[in-house]
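Trainee: With the sequence up front, the predicted model follows.
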Amino acid sequence: MDRPTQPDAGALTQLASAARECTACELYKDATQTVFGEGAPDARLVLVGEQPGDAEDVQGRPFVGPAGGVLDRALTAAGIDRETVYVTNAVKHFRFVQRGKRRIHAKPGREHIEACHPWLAKELAQVRPEIVVALGATAVQALLGSKYRVMRDRGALIPFGDLDALITIHPSAVLRMPPEDRDKGFGGLVADLTIAAQAIGS
Ligand code: SF4
């Protein structure tokens, strides 16, 4: 793939607008809104998570909730400026189960990942990063398919078309760890992101 001579922020904005009308799977029915990717249109690093969480669904922006806080700290620790990257999700609508007033995260199914893949592919085709980071198993499945495993394959550059992919844990995994394991989990996330940072000379 050749990178466009100029980053085309307008094309990404058009994509985001089109995605707001998407009805390709049923997840749009219960979610508040489409949460499209955002960030630098010429980013050398694209980070892909699973799906928006509760806070992201309400605010309409990716990685602005608790997991986003972990990601921000991990990027800073890895020497990566979030302003220079593009962040998105494999699935653009929040899948959840309603329990009373609470909306409990539900993992997106294969059918949702596949239905939403064209949006992710278009984002990558537009931004054309050097490295795409898969944050967790859903992003791995969306980008690389089922032969890769997060804990087995994390932290190494994997050829992915004419760019590289790098697998690491989703930041929310750090939050789900027992308190005594969180520092180690966070350190592992930072170590993986540092490999991506070094690869792009960040
Ligand atoms: S989750 Fe993706 S494919 Fe499904 S409706 Fe939302 S934008 Fe469309």
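Mentor: Thanks, I have the structure now.
Trainee: Enumerate the residues of this structure near the ligand.
Mentor: Residues of the chain lying close to the ligand (Cβ under 6 Å from any ligand atom) are 19, 22-25, 27-28, 34, 91-93, 112, 115-116, 119. Backbone N, C-alpha and C define where each C-beta goes, glycine included.
Trainee: List the residues that contact the nearest residue to A165 once chain neighbours are set aside.
Mentor: Spatial nearest neighbour of A165, excluding adjacent residues (Cβ to Cβ, 6 or more residues apart in numbering): I158 at 4.6 Å. Counting by Cβ atoms under 8 Å, 6 or more residues apart in numbering, I158 touches 144, 148, 164-167.
Trainee: Distance check, P118 against E38.
Mentor: 18 Å (Cβ to Cβ, to the nearest Å).
Trainee: cool, H117 as well?
Mentor: Counting by Cβ to Cβ, the gap from H117 to E38 is 19 Å.
Trainee: same deal with A191?
Mentor: Distance from A191 to E38, by Cβ to Cβ: 26 Å.
Trainee: If you count contacts, what does the stretch of helix or strand L143 belongs to end up packed against?
Mentor: Using DSSP states H and E, L143 sits within helix 137-144. Helix 137-144 is packed against strand 45-49, helix 110-127, strand 131-135, helix 150-153, strand 157-160, strand 163-168, with contacts defined by 3 or more Cβ pairs under 8 Å, 6 or more residues apart in numbering; DSSP states H and E.
Trainee: Throw the ones you listed into a markdown table and include mean pLDDT, thanks.
Mentor: Formatted as a markdown table, the helices and strands packed on helix 137-144 follow (pLDDT from 0 to 100):
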| stretch | mean pLDDT |
| --- | --- |
| strand 45-49 | 98 |
| helix 110-127 | 97 |
| strand 131-135 | 98 |
| helix 150-153 | 98 |
| strand 157-160 | 96 |
| strand 163-168 | 98 |
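Trainee: on that earlier part again, more neighbours, P118 and E38?
Mentor: Higher neighbour count among P118 and E38: E38, with 18 against 12, using other Cβ atoms under 10 Å.
Trainee: Surely the more buried one touches V87?
Mentor: Yes: at 6.6 Å, E38 and V87 qualify as touching, with contact defined as Cβ atoms under 8 Å.
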